[in-house]
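A.B. asks: A structural model of the following input is requested.
(2 chains)
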Amino acid sequence: MTITAILVLAAGTYAFRLAGPLLRARLAKAHGGEAALPPRLAEVLSTAATVLLVALIATSSLTDAGSFAGIALPAGVLAGGVLAWRKAPFVVVVVAAAVVAAGLRALGVP
Amino acid sequence: MAGAIAVVGVSFGAIAVASGMDWWIPSALSVLVFAGGSQFMVVGVVAAGGGLVAAVAGALLLNARHLPFGLALGDIMGRRPLARIVGSHLLIDESVAFAMAQKNDSARARAVFWFLGTTAFVVWNLGTIVGAAAGQVIGDTDAYGLDAAFPAALLALVLPALKNARTRNVALLGAVVSLATTPFLPAGVPVLLSLAGLVVLVPAPKKNEEVAA
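C.D. replies: A predicted model of the protein is given here:
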């Protein structure tokens, strides 16, 4: 990892972040000032964010470097998910996921 | 929530250093990039022997989701130039998710966005430093299940949005698309392809069905 790579990633990420609010301001202007986005577009945009996050969860808990990640990792994430669904505090969810994955690996589960 | 971000930050710092990176690299990423998913991705790709260009490109593709986030968030961060310049850097999954949940009360949504954004920034960076220090001692971070912390935190974050049946269907289809393409495409691309799931939204919502917002 070089400092150049870090700076390129940082600059690009910031550009994506800044583009949203700036574009939104333009879109709103085009639709006549204060007016929010059309409801259908707003629905698609807010759903898009959820879709990307769920895809990130699925790929980062089921795959590792392009192939199946094994059982311990998704089992840990699933345990965290069940706790989150049962309204456990956020920190409990995260720690439980790590503990379950670590425990299964200690027992020899891949 | 701060505790969870701290734990995930610790896991990030530890995983990065344990994979052989200098101690300052995870901290530089946490301060300058401040996007957990992409940070885990660059570290993972580089640790797996992937090229630096592929790692950065994949991470940037993953972070492209911040553009629709920012569009959806709109004026919640504030309208003044300084608010947008600083607020944009604090635009993360957590601050967006919790601010959007308060969308009907814009003053409250703004307070939530700024409070969560700044808290997350401080805690994420402190966690990274602690993790980087611990990673030099630990060695095998998988044995501690540290790789499960990040996806579990994200899962807790999106669960409320998945109560909406339309959103859930789109997200499940998208996840299937990205899982199916993961073996064949460079890291980062499959996550973007999940947007194909949005075709489910093509028929307009039925009148008795609540619009996802």
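A.B. asks: and the top helix by length along chain A, which residues are buried?
C.D. replies: The longest helix of chain A (DSSP state H) is helix A:3-30. Within helix A:3-30, the residues that qualify as buried are A:5-6, A:8-10, A:12-14, A:16-21, A:24, A:27-28, counting by 16 or more other Cβ atoms under 10 Å in any protein chain shown. C-beta coordinates here come from the backbone N, C-alpha and C atoms, glycine included.
A.B. asks: and it, what does it pack against?
C.D. replies: helix B:24-32, helix B:36-47, helix B:52-63, helix B:66-73, helix B:81-89 (3 or more Cβ pairs under 8 Å, 6 or more residues apart in numbering or on different chains; DSSP states H and E).
A.B. asks: what is the subsequent helix or strand relative to that helix?
C.D. replies: Once the chain leaves helix A:3-30, the next helix or strand it forms, by DSSP states H and E, is helix A:39-62.
A.B. asks: mind saving the C-alpha coords of that next one as PDB?
C.D. replies: Extracted in PDB, the C-alpha atoms of helix A:39-62 (Å, rounded to 0.1, in the frame of the first residue of the first chain):
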ATOM      1  CA  PRO A  39     -41.500  10.300  -5.100                       C
ATOM      2  CA  ARG A  40     -40.700   7.400  -7.500                       C
ATOM      3  CA  LEU A  41     -37.100   8.600  -7.900                       C
ATOM      4  CA  ALA A  42     -36.700   9.100  -4.200                       C
ATOM      5  CA  GLU A  43     -38.000   5.500  -3.600                       C
ATOM      6  CA  VAL A  44     -35.500   4.100  -6.100                       C
ATOM      7  CA  LEU A  45     -32.600   6.100  -4.600                       C
ATOM      8  CA  SER A  46     -33.200   5.100  -1.000                       C
ATOM      9  CA  THR A  47     -33.800   1.500  -2.100                       C
ATOM     10  CA  ALA A  48     -30.500   1.500  -4.100                       C
ATOM     11  CA  ALA A  49     -28.600   2.300  -1.000                       C
ATOM     12  CA  THR A  50     -30.100  -0.600   0.900                       C
ATOM     13  CA  VAL A  51     -29.500  -2.900  -2.100                       C
ATOM     14  CA  LEU A  52     -25.800  -2.000  -2.200                       C
ATOM     15  CA  LEU A  53     -25.400  -2.600   1.600                       C
ATOM     16  CA  VAL A  54     -27.100  -6.000   1.500                       C
ATOM     17  CA  ALA A  55     -24.900  -7.000  -1.400                       C
ATOM     18  CA  LEU A  56     -21.900  -5.900   0.500                       C
ATOM     19  CA  ILE A  57     -23.000  -7.900   3.600                       C
ATOM     20  CA  ALA A  58     -23.700 -11.000   1.400                       C
ATOM     21  CA  THR A  59     -20.300 -10.900  -0.400                       C
ATOM     22  CA  SER A  60     -18.200 -10.100   2.600                       C
ATOM     23  CA  SER A  61     -19.800 -12.800   4.800                       C
ATOM     24  CA  LEU A  62     -20.100 -15.600   2.200                       C
END
